[in-house]
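Engineer: After the sequence you'll find the predicted model.
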Amino acid sequence: MSRNIRVLVAKPGLDGHDRGAKVVARALRDAGFEVIYTGIRQTPDMIAEAALQEDVDVVGLSILSGAHMALAPKVMESLEKAGMGDVVVLLGGIIPDEDIATLHEMGIRGVFGPGTPTGEIVDFINREVAEPV
């Protein structure tokens with residue numbers, strides 16, 4: 001790419017546990033991405049607005065509360081309404097295996113659970129956002 005990949009890291013909902021999101025944000029920054037961390041307790045509309053304003057390539061959601069099946073569709077809808085429907089959306093957190101297929105169907109491109117090596121996330125983003133040859 002002619003510019004660095006821009007990644008928005010957000011914590012939707014009432015989940016206040018942000019250590020994992022901060023670890024991932026730092027690893028992405030160290031890998032050369034431009035990272036915008038919005039902090040905790042973001043609404044889907046706040047996330048979509050930040051993604052639009054920051055012109056990001058990727059939105060990474062961190063949800064540890066178990067509310068991923070309620071929050072992810074709302075974030076996807078807000079991104080679509082904001083004209084950001086083509087952005088790559090990733091989800092990290094405690095996600096039961098039985099929910100992953102449904103999350104993919106709603107447009108979540110990658111799902112990463114606890115203990116995922118940060119290099120795996122970096123590689124995934126690079127593959128998803130790479131310029132076509």
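Structural biologist: Looks like it arrived, so ask away.
Engineer: mind checking the longest helix of the chain?
Structural biologist: In the chain, assigned by DSSP state H, the helix with the most residues is helix 68-81.
Engineer: Please save the CA atoms from the next helix or strand after that helix in PDB.
Structural biologist: Downstream of helix 68-81, the next assigned helix or strand under DSSP states H and E is strand 88-93. Extracted as PDB, the C-alpha positions of strand 88-93 are listed here (Å, rounded to 0.1, in the frame of the first residue of the first chain):
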ATOM      1  CA  VAL A  88     -12.500  -5.100   7.200                       C
ATOM      2  CA  VAL A  89     -14.000  -5.900  10.600                       C
ATOM      3  CA  LEU A  90     -12.300  -8.200  13.100                       C
ATOM      4  CA  LEU A  91     -13.600  -9.400  16.400                       C
ATOM      5  CA  GLY A  92     -11.500 -10.400  19.400                       C
ATOM      6  CA  GLY A  93     -12.600 -11.800  22.700                       C
END
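Engineer: Against which helices or strands is strand 88-93 packed?
Structural biologist: helix 19-30, strand 58-63, helix 68-81, strand 110-112, helix 118-129 (3 or more C-beta pairs under 8 Å, 6 or more residues apart in numbering; DSSP states H and E). Glycine gets a C-beta too; all of them are placed from N, C-alpha and C.
Engineer: Identify all contacting residues around it.
Structural biologist: 20-21, 24, 57-65, 68, 72, 75-76, 79, 103, 107-114, 116, 121, 124-125, 128-129 (C-beta atoms under 8 Å, 6 or more residues apart in numbering).
Engineer: In this structure residue 51 contacts residue 84, no?
Structural biologist: Yes: in this structure, residue 51 is within contact of residue 84 by C-beta atoms under 8 Å, at 5.0 Å.
Engineer: who has more neighbours, the two?
Structural biologist: Ranked by neighbour count (other C-beta atoms under 10 Å), residue 51 and residue 84 place residue 51 first, with 27 against 21.
Engineer: A strand includes the more buried one, no?
Structural biologist: No: counting by DSSP: H, G, I helix; E, B strand; the rest coil, residue 51 is not found in a strand; it is helix.
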